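Novice: For reference, the sequence and a predicted model appear below.
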Amino acid sequence: MEELIRKLYETGFLEREEFKKLIEDRNEESYEALKKLASKRAIENYGHDVYLRGLIEFTNYCRNDCYYCGIRASNKEAERYRLSKDEILYCADMGYKLGFRTIVLQGGEDLTYKDEEICDIIREIKKLHEDVAVTLSIGEKSKESYEAYFKAGASRYLLRHETANEEHYKKLHPDKLSLENRKECLKNLKEIGYQIGAGFMVGSPYQTIDYIIDDLFYLKKLQPHMIGIGPFIPHKDTPFKDFERGSLELTLYMLAILRLMFPKVLLPATTALGSIDPKGREKGILSGANVVMPNLSPKDVRNKYMLYDGKICTGDEAAECRKCMERRIENIGYKVAVSKGDHIDFVNNL
Ligand code: 5AD
Ligand code: FES
């Protein structure tokens, strides 16, 4: 074990069999060793800075039907909402005033918003505050659409690949969705010049350690700028309602491995991680994460963007979340960075 961890630390990679042993035979001791080296790596690259991204969940309408997700089209229990352009701009402006320099527009795949409207919203946010980075997280689109958003001023795009294994992908999604298209989208986004974010859920139904290793190999090839991982958490109105949730311990272990594989990557301590443990996000940061994404959505819609049960911060105002996050980060000896928080290899970017 010790040798494997040292090798991962020194070379950033392992053979498949070695990863398998590292994950399968994990224990308290190997986690502690990984965590120590992962936080060291994060500090070497980003100091004790933690980047904030303000998340605006602007629509929970979705045409897709992912089996794990609470806002899937077939969930008739979900109370649907859409924010207007003015509401989105209000949240973005509020975010700016609270010190956010990245605004993430996230939503289900809602075709009501035409490309031109999305572009308009991006342009308006940039017009309000030119030193804000706009990140999109709105799913699979054509390369032309991605190009249009980029031209309008979006510079980053989050699209988790969810699982890099074909078989597994089919078990998590209806036939209409394919891993092939997902990968094509990520490739297109990267070609256009976005900083891209991929990622997967830990402990999703049917996931095996071999599948997780497929994720690691895929990420190695893709070289995304951001990697979002969090535990799978069941949602009561989905086909996966009776599956167990992903574990805190494996999620933290994977965060530490990812930090060692990708020393410079932007790695969020996700809301899902914070939802399964009151100190989940802090533990994530101490295991190598360096980003948190507090919610900026208006209070009255927050409890409607329920991807999984028990999501935290659904009753809080943006300002409260902001303060709470700062306190949490400072409590563990880190500090909130008021900057756009680009990937350090990215030079010319807004
Ligand atoms: N549990 C945890 N994460 C989920 N996501 C969707 N549904 C769930 C769930 N039940 C994640 C997916 C998606 C991201 C926005 O949220 O990975 O890409
Ligand atoms: Fe939202 Fe703590 S981050 S309440």
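Specialist: Great, that's in hand. Ligands and ions are numbered 1, 2, ... in the order given.

Novice: Please enumerate the helices of the stretch 51-200 of the chain.
Specialist: Secondary structure of the stretch 51-200 of the chain (DSSP state H, counting those that start in this stretch): helices at 85-97, 115-128, 143-152, 166-172, 179-192.

Novice: Which single residue in the stretch 201-350 of the chain comes nearest to ligand 1?
Specialist: residue 308 (3.5 Å; CB to the nearest ligand atom). C-betas here are computed from N, CA, C, even on glycine.

Novice: For whichever residue of the stretch 101-250 of the chain sits closest to ligand 1, give me its contacts.
Specialist: Using CB to the nearest ligand atom, residue 160 is the residue of the stretch 101-250 of the chain that sits closest to ligand 1, at 3.7 Å. Residues counted as contacts of residue 160 (CB atoms under 8 Å, 6 or more residues apart in numbering) are 197, 198, 199, 200, 201, 228.

Novice: about what we covered before: please work out how many residues are found near the closest residue to the residue of the stretch 201-350 of the chain closest to ligand 1 other than its chain neighbours.
Specialist: Excluding its sequence neighbours, the residue lying closest to residue 308 (CB to CB, 6 or more residues apart in numbering) is residue 233, at 3.6 Å. Here the count is done by other CB atoms under 10 Å, and residue 233 has 24 residues near it.

Novice: follow-up on the earlier one: closest to residue 20 out of the contacts of residue 160?
Specialist: If you rank these by distance to residue 20 using CB to CB, residue 200 comes first, at 17.0 Å.

Novice: separation between the closest one and residue 57?
Specialist: For residue 200, the distance to residue 57 (CB to CB, to the nearest Å) stands at 20 Å.

Novice: ditto for residue 68
Specialist: Distance of residue 68 to residue 57, given as CB to CB: 17 Å.

Novice: what does residue 234 give?
Specialist: Distance, residue 234 to residue 57, by CB to CB: 20 Å.

Novice: Compare those two (neighbour count), which wins?
Specialist: residue 57 (25 against 20).

Novice: In this structure that one contacts residue 298, no?
Specialist: No: taking contacts as CB atoms under 8 Å, residue 57 lies outside contact range of residue 298: 9.5 Å.

Novice: Might you report the residue contacts of the residue nearest to residue 308?
Specialist: Residue 233 is in contact with 245, 246, 272, 275, 276, 308, 309, 310, counting by CB under 8 Å, 6+ apart.

Novice: of those, closest to residue 79?
Specialist: residue 309 (15.0 Å).

Novice: Write out the residues of this structure neighbouring ligand 1.
Specialist: Counting by CB under 6 Å from any ligand atom, the chain comes close to ligand 1 at 68, 69, 160, 162, 201, 230, 232, 233, 235, 272, 307, 308.

Novice: What is the most widely separated pair among those residues?
Specialist: For the residues of the chain next to ligand 1, the farthest-apart pair by CB to CB is 160 and 235; their separation is 16.4 Å.

Novice: re earlier: kindly write the PyMOL command that selects the buried subset of the residues of the chain next to ligand 1.
Specialist: Of the residues of the chain next to ligand 1, the buried ones can be selected in PyMOL as follows, counting by 16 or more other CB atoms under 10 Å:
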select buried, resi 68+69+160+162+201+230+232+233+235+272+307+308
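
Novice: Need the pLDDT of residue 339.
Specialist: Here, the pLDDT recorded for residue 339 equals 77.

Novice: nope, residue 315 is what I meant
Specialist: As predicted, residue 315 sits at a pLDDT of 86.

Novice: That one against residue 303, yeah?
Specialist: Yes: with contacts counted by CB under 8 Å, residue 315 reaches residue 303, the gap being 7.1 Å.

Novice: quick one, which of these two is more surrounded?
Specialist: The neighbour comparison of residue 315 against residue 303 (other CB under 10 Å) goes to residue 303, with 12 against 9.

Novice: For the protein, just list every one of the strands.
Specialist: Under the criterion DSSP state E, strands of the chain are mapped to 49-52, 54-59, 102-107, 133-137, 154-158, 195-202, 226-231, 291-292, 335-337.

Novice: how about a markdown table for these, with distance to residue 147 added?
Specialist: Below are the strands of the chain laid out as a markdown table (distance: least, CB to CB, whole Å):
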| stretch | distance to residue 147 |
| --- | --- |
| strand 49-52 | 26 |
| strand 54-59 | 21 |
| strand 102-107 | 17 |
| strand 133-137 | 12 |
| strand 154-158 | 10 |
| strand 195-202 | 14 |
| strand 226-231 | 20 |
| strand 291-292 | 26 |
| strand 335-337 | 30 |
